[in-house]
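Trainee: Let's see this in three dimensions:
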Amino acid sequence: MAGRGFAFHTNNQTLYLYDANALNESTSKFRDTSAWYHIVVQINSGVATSYVNGVLTHNAVGSGFTLTTGTNETRIGSYSENEYDFGGYMAEIHLVDGSVVAPTSFGFTDPVTGIWMPKRYEGTYGTDGFYLDFSDNSSTAALGIDKSPNGNDFAVNNLAVTDSILDTPSNNFCTINSIQGASSSGGTIGFSEGNLKVVTPVSGNGNCLGTLTAETGKWYAEIYIVGYSSLDRSAVIASGIAYQTITGGNAGEGSNATANLDVGYFHSGMMYKNATENSSYGASYTTGDIIGVALDLDNRTINFYKNNSAQGAVSIADTGDWTIGVGDGSGGGGTTFALNYGQDSSFIGNKTAQGNTDANGIGDFYYSPPSGHRALCAKNLPVNSTSIVRPQKHYDTILYTGQNTSSLYNVTGLEFAPDLVWAKTRTTSMDNIFIDTVRGNDKQLNCPDYSAEVTRGTPSYRFLKDGFAVGTGGNMNNPQNYAAWCWKAGGSSNTYNINGTGYGTASAAGLDGGTIDPTGASINTESGFSIITYTGNGSAGATIAHGLGKKPAWIMIKCRSNSDNWMVYHQNANAAVDPEDYYFELNANGGDINATTMLNDTAPTSTQVTIGSDNSVNGSSRTYVMYCWSEITRYSKFGRYNGNSSSDGTYVHLGFRPAVIIFKKYSGSDSWEMHDSTRTTYNGMTAALYPSATSTETTSGREIDFLSNGFKQRNANGNTNESGHKYIFMAFAEQPGTTPFDTVTNAR
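Mentor: Numbering: from 1, shown residues only. All right, here's what the predicted structure looks like:
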């Protein structure tokens, strides 16, 4: 009799339910290795349904699912002996016999953060049900003990007591990021043992970094050198990855776009830092040695240890998210590393576990971590989290179908009153449309059309407490499908609005510090977004207050009174070399333009934006709107990456699970492109829309994965992932990483 079961498809990265006749594969791709998945499979009268993280994945598929007893085996982790083995982590496996149990019996949506979280199952198991939690690792047999009342214990094969570690869905530990695409000219880096074992290629070079990052705090990890072919350039590294691409390359040798944030401790004892080698840094190391990494992001130092002997603290850059990893440079290779971020001091069975904990009493380290240092895990990270624990209160995407009604049609479902709505039809060629509360309910700007602002009259638009209303004018209520990207600013109770409080004058709002006073404002300092209107004075070097209290990373300016380009500043224009000397045009497909036209060769500050005298940003007596965004930890990121023209594309670390990303190539004639997690709710995502075009939604050739900690390109399209080209991006969070409420971002 053929077996039945469910598993992940190794090649297709799908979840399949096998009923002895067909695989019944999911449309969703499951290849996020940085966080946990919660899977529920229901079998009812031979028909199966599945849920992942509480979301329906298969709906009543197959027809031959049966659960039988007697001589038939129930296997976990393989289909048969040494066949289709599962490579990953498992925790809390329940089988409920005789009942169809809802996903909500095992998990719940946290009401504050919206994240799916595990909870204790309190139901019954039936006759042949069981519950395995693998918590007892006193012996291999103990790993198979059934914790339900039934006593249906499992025989354990190919498992050791060291396979039971501290990593759980409620406390996700850092591991090596295997989806970063770290490869080299000499071969591919090998990942195994739950991404705690790394084997570098015998020739070539490459590095790989951790899945979790931090901006502040003190962190500790240990790396055991299992063996090597050539240790010549093998290294334990730390890397500040604020805006970089993780695509492999030499460890500490400029593989990242921010190469100066790499620090490496090579086997010879050499330190590599800021593109400079120091051959006399520390002792050499070899097979059997344990290298400790003490990363102090409060005092901006790093100290490497060899077998618990400190090699000396050195200063590091004062910026960036940092993590810990391993790799090798040219001339090295074939090194096998076993890593411990605090979950396994046996180093996957190579040593006897010592059980030392960190400063918070968490973890399992071989050596006691230096004073104040912690394991890089979810329960330790909330001290670094932003105040934004639910991004949907500041940004969200909403989908609707226009009704073409003569009266206003309400589009609702947001958790905030939007101040900026950017809308686009998905099914008809039409402009992107911008409306906002500062310019007013009847004012509309279009892109790629760069005409002056249009007054639509009444009824046209209205902003609601949970959405917006659209009338027949303005092309936002045609009988078509729409996507609307919505941001909350400071409200609209008065002319100038900051964090929900209205003011009658720029002076009263504290916005009169520049040479041009805003004529209106709506500002959200928590989420880093402001809408400013102003009248130009024609003077080069004019300054305008933006109200954010933090340097803007992304600025868009559009002339309201005349036809002119949509001017865009991004903090990484021209690979972040004097980005204020460059600008993009949202209404055009060209790359960044080397001219001081927009910001007058002056970087924005925490209080003001400086503009030139060009009519696009500061024509005398012309009127303008300026949208400014500053970067907020675990909510927004405005960075850059390098394309590689591969379906195993570039991975970019964000520190959060994204809700929407906007892309633009530095050069060439490729369109701006937008993806969001609302139009496509699963990986691989293909639905693309275009700010610089009127085109309808594209649903092929644009595949991308949104992940728990970032995103990964899965296409070779020139818009987002062409080899030899750099890209900027703007990203906003759907889930914010770890929070003070003990929630952990779900894998997607």
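Trainee: can we go C-alpha only for contacts and neighbour counts from here?
Mentor: OK.
Trainee: Burial check on Asn404, number of neighbours?
Mentor: 18 (other C-alpha atoms under 10 Å).
Trainee: That one - that's part of a strand, no?
Mentor: No - Asn404: not assigned to a strand; according to DSSP: H, G, I helix; E, B strand; the rest coil it is coil.
Trainee: Past the helix or strand of the chain with the lowest mean pLDDT, which element shows up next along the chain?
Mentor: Lowest on mean pLDDT, DSSP states H and E among the helices and strands of the chain sits strand 245-246, with a mean of 35. Next in sequence after strand 245-246, counting helices and strands by DSSP states H and E, comes strand 262-266.
Trainee: same for that following strand, what does it pack against?
Mentor: strand 234-240, strand 271-273 (3 or more C-alpha pairs under 8 Å, 6 or more residues apart in numbering; DSSP states H and E).
Trainee: hey, least reliable of the ones you listed by pLDDT?
Mentor: Here the lowest mean pLDDT among those goes to strand 234-240, at a mean of 70.
Trainee: just checking, Ser616 is part of a helix?
Mentor: Yes - applying three-state DSSP, one finds Ser616 inside a helix.
Trainee: ok, it to Ser539 distance?
Mentor: Computed with C-alpha to C-alpha, to the nearest Å, the distance linking Ser616 and Ser539 is 13 Å.
Trainee: Of the two, which one has the most company?
Mentor: Ser616 (23 against 16).
Trainee: Ile632 versus the more buried one, what's the distance?
Mentor: For Ser616 relative to Ile632 (C-alpha to C-alpha), the value is 28 Å.
Trainee: Could you report the pLDDT at the closest residue to Gly107 other than its chain neighbours?
Mentor: Closest residue to Gly107 apart from its sequence neighbours, by C-alpha to C-alpha, 6 or more residues apart in numbering: Pro118 at 4.2 Å. Looking at Pro118, its pLDDT stands at 92.
Trainee: Same check on Ala469?
Mentor: For Ala469, pLDDT reads 93.
Trainee: Show me what it is bridged to.
Mentor: Beta-bridge pairing of Ala469 under DSSP bridges involves Asn410, Arg462.
Trainee: close enough to count as contact, it and Gln403?
Mentor: No - applying C-alpha atoms under 8 Å, one finds Ala469 not in contact with Gln403, separated by 11.2 Å.
Trainee: what sits in contact with each of those two?
Mentor: Common neighbours of Ala469 and Gln403 (criterion: C-alpha atoms under 8 Å, 6 or more residues apart in numbering): Tyr409.
Trainee: can I assume Thr596 is in contact with Asp581?
Mentor: Yes - taking C-alpha under 8 Å as the definition, Thr596 is a contact partner of Asp581 at 4.7 Å.
Trainee: of those two, who's got more company?
Mentor: More crowded of Thr596 and Asp581, by other C-alpha under 10 Å: Asp581, with 21 against 18.
Trainee: buried residues in stretch 505-525?
Mentor: 505-506, 509, 511, 513-514, 516-525 (16 or more other C-alpha atoms under 10 Å).
Trainee: In strands, which of the residues you listed appear?
Mentor: When DSSP state E is applied, the buried residues of stretch 505-525 are split such that Gly520, Ala521, Ser522, Ile523, Asn524 fall in strands.
Trainee: Arrange these in JSON lines, one row each, with pLDDT and distance to Tyr627 as further columns.
Mentor: Listed next are those as JSON lines, based on pLDDT from 0 to 100; distance: C-alpha to C-alpha, whole Å:
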{"residue": "Gly520", "pLDDT": "98", "distance to Tyr627": "12"}
{"residue": "Ala521", "pLDDT": "98", "distance to Tyr627": "10"}
{"residue": "Ser522", "pLDDT": "98", "distance to Tyr627": "10"}
{"residue": "Ile523", "pLDDT": "98", "distance to Tyr627": "10"}
{"residue": "Asn524", "pLDDT": "98", "distance to Tyr627": "12"}
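Trainee: which of the residues you listed lies closest to Asn499?
Mentor: Asn499 has its nearest neighbour among those in Asn524, at 5.1 Å by C-alpha to C-alpha.
Trainee: Distance of that closest one relative to Pro418?
Mentor: Applying C-alpha to C-alpha to Asn524 and Pro418 gives a distance of 11 Å.
Trainee: With Asn356 instead?
Mentor: Taking C-alpha to C-alpha, one finds Asn356 at 50 Å from Pro418.
Trainee: Which one's more surrounded, those two?
Mentor: Neighbour tally, Asn356 and Pro418, criterion other C-alpha under 10 Å: the higher count belongs to Pro418, 28 against 16.
Trainee: Now for the more buried one: which residues touch it?
Mentor: Going by C-alpha under 8 Å, 6+ apart, Pro418 touches Phe463, Leu464, Lys465, Asp466, Gly467, Phe468, Cys486, Trp487, Lys488, Ala489, Gly491.
Trainee: one more time with 6 Å
Mentor: Residues in contact with Pro418 (C-alpha atoms under 6 Å, 6 or more residues apart in numbering) are Cys486, Trp487, Lys488.
Trainee: from these, which ones fall inside strands?
Mentor: Going by DSSP E, the strands hold Cys486, Trp487 from these.
Trainee: Just put the contacts of Pro418 in a markdown table and tack on pLDDT and distance to Val609.
Mentor: Shown next, in a markdown table, are the contacts of Pro418 (pLDDT from 0 to 100; distance: C-alpha to C-alpha, whole Å):
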| residue | pLDDT | distance to Val609 |
| --- | --- | --- |
| Cys486 | 98 | 23 |
| Trp487 | 98 | 21 |
| Lys488 | 98 | 21 |
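Trainee: okay, the contacts of Pro418 in JSON lines with distance to Phe304 and neighbour count next?
Mentor: Shown next, in JSON lines, are the contacts of Pro418 (distance: C-alpha to C-alpha, whole Å; neighbours: other C-alpha atoms under 10 Å):
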{"residue": "Cys486", "distance to Phe304": "46", "neighbour count": "25"}
{"residue": "Trp487", "distance to Phe304": "44", "neighbour count": "24"}
{"residue": "Lys488", "distance to Phe304": "45", "neighbour count": "27"}
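Trainee: Just give me the closest of the contacts of Pro418 to Gly320.
Mentor: Using C-alpha to C-alpha, the contacts of Pro418 come closest to Gly320 at Trp487, 25.7 Å.
Trainee: who's in contact with that closest one?
Mentor: His394, Tyr395, Pro418, Leu420.
Trainee: Excluding chain neighbours, what is closest to Gly510?
Mentor: Gly547 (8.0 Å).
Trainee: Give me the mean pLDDT for stretch 359-374.
Mentor: 96.
Trainee: Just the terminal-to-terminal distance for that stretch.
Mentor: End-to-end for stretch 359-374, by C-alpha to C-alpha: 6 Å.
Trainee: Stretch 573-588 too?
Mentor: End-to-end distance (C-alpha to C-alpha), stretch 573-588: 16 Å.
Trainee: what do you get for stretch 128-141?
Mentor: Stretch 128-141 has an end-to-end distance of 20 Å (C-alpha to C-alpha).
Trainee: now that stretch: how far from the chain's centre is it?
Mentor: 34 Å (C-alpha atoms, centre = their mean, to the nearest Å).
Trainee: and Thr162, backbone torsions?
Mentor: Dihedral pair for Thr162: phi -70, psi -10, per degrees, to the nearest 10.
Trainee: mind listing what it touches?
Mentor: Gly349.
Trainee: how does it look with 10 Å?
Mentor: The contact partners of Thr162, by C-alpha atoms under 10 Å, 6 or more residues apart in numbering, come to 137-140, 344-353.
Trainee: Please apply the same query to Gly5.
Mentor: Taking C-alpha under 10 Å, 6+ apart, we find Gly5 in contact with 16-20, 23, 41, 65-67, 74-76, 79.
Trainee: Which ChimeraX command selects the buried ones in these?
Mentor: Applying 16+ other C-alpha under 10 Å to the contacts of Gly5, the buried members can be selected in ChimeraX as follows:
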select :16,17,18,19,20,23,41,65,66,79
